[in-house]
Structures are given as C-alpha cells and as structure tokens.
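Enquirer: pasting the sequence and the predicted coordinates here, then a few questions.
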Amino acid sequence: MSRRITCIQCPMGCVMNVGFAENGEVTSVEGNSCGRGKKYAQAEAINPVRTVCGTVCARGCLEPVSYRTSAPVPKALAGDVAREAAGLSLCAPIVLGDVICENVCDTGISLIATKSIG
Ligand code: SF4
C-alpha cells in the first residue's frame, strides 16, 4: 500500500510516495529531495498536524485580532479550532502574545494573539 504526499516544507513542493506495511507503519519514502521532506512525509502519513491561524473580532476595536495556535493541532481538528476561535468573545485591548483561548477544543493547546489591537 502507498500514498502520494506533496511536501509543504519549502517551495519546491516535492511529490513523495510513502509506502506502508499492513500494520500501517511507514516502510519507505521516495521522491523527497532532502531529509526534512522525509520527516514530514513520515509524520504526515501517520499523524498529520497543522498550525491554525486566523482572525477574530474583539469588542471595542474595528480591527480584528490575528491569532495562531501555540503548537500544531491534529489536521482533523483544524476546522473545529477555527470555529471555536470565531465564537470567542474578546475585548480590546489585546497585546501581541496574549493567550486569547486556553485548551482550544480540549487539545491542551492555546490560541495566541499575533498582533496588538486597541
Ligand atoms: S523534500 Fe525537501 S526540497 Fe522537497 S519540498 Fe520538502 S523540504 Fe523542500
């Protein structure tokens, strides 16, 4: 069994072929141009994760505040994280680096403001 994965670690976008054993273990990675791509393919094949970024409005300020997760979250939860962020009730001022949500979607991961507003 195998799966094609496009590396997103740099603009080259190498297309890799990842081979699996019957127990789901990665047995081979082909098509990568560097070790970084191989690591990415192995992780992406077994447990894909993403850093979620977005913006959310805050009372008292016309400008939305941008945020990112403090660590990558499972890719399957990225939409839920964005929805929980959209439902936050925030008040300006917010300072770059503020935690605007703790334990988002019970992941243990926080949402961090990536700019100051208000
Ligand atoms: S395998 Fe290496 S060179 Fe290719 S896209 Fe990934 S990081 Fe870039």
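Expert: On my side now, so go ahead.
Enquirer: which SS state does the residue in the chain that the ligand sits nearest to fall under?
Expert: The ligand sits closest to Gly37 of the chain, with a gap of 2.1 Å, by Cβ to the nearest ligand atom. Every residue, glycine included, has its C-beta placed from N, CA and C. Under DSSP: H, G, I helix; E, B strand; the rest coil, the three-state class of Gly37 is helix.
Enquirer: my read: it touches Cys14, true?
Expert: Yes - counting by Cβ atoms under 8 Å, Gly37 touches Cys14, with 5.4 Å between them.
Enquirer: okay, the two: which has more neighbours?
Expert: More neighbours surround Gly37 than the other of Gly37 and Cys14, with 24 against 19 (other Cβ atoms under 10 Å).
Enquirer: residues near Pro74, how many?
Expert: 15.
Enquirer: excluding covalently adjacent residues, which one is nearest to it?
Expert: Excluding the flanking residues, the one nearest Pro74 by Cβ to Cβ, 6 or more residues apart in numbering is Val49, at 5.8 Å.
Enquirer: cool, Ala86 as well?
Expert: Val56 (6.2 Å).
Enquirer: can you list residues touching both of Gly37 and Cys14?
Expert: Both Gly37 and Cys14 are contacted by Cys7, under the criterion Cβ atoms under 8 Å, 6 or more residues apart in numbering.
Enquirer: domain assignment for this protein?
Expert: 2-46, 53-113 (automatic domain parsing).
Enquirer: possible to save those domains as TSV with mean pLDDT?
Expert: Below are those laid out as TSV (pLDDT from 0 to 100):
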stretch	mean pLDDT
domain 2-46	95
domain 53-113	96
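Enquirer: coming back round to it: got a list of what the residue of the chain closest to the ligand touches?
Expert: 7, 9, 14, 16, 29.
Enquirer: change it to 10 Å
Expert: When contacts are counted by Cβ atoms under 10 Å, 6 or more residues apart in numbering, Gly37 touches 5-10, 12-16, 29, 31, 44.
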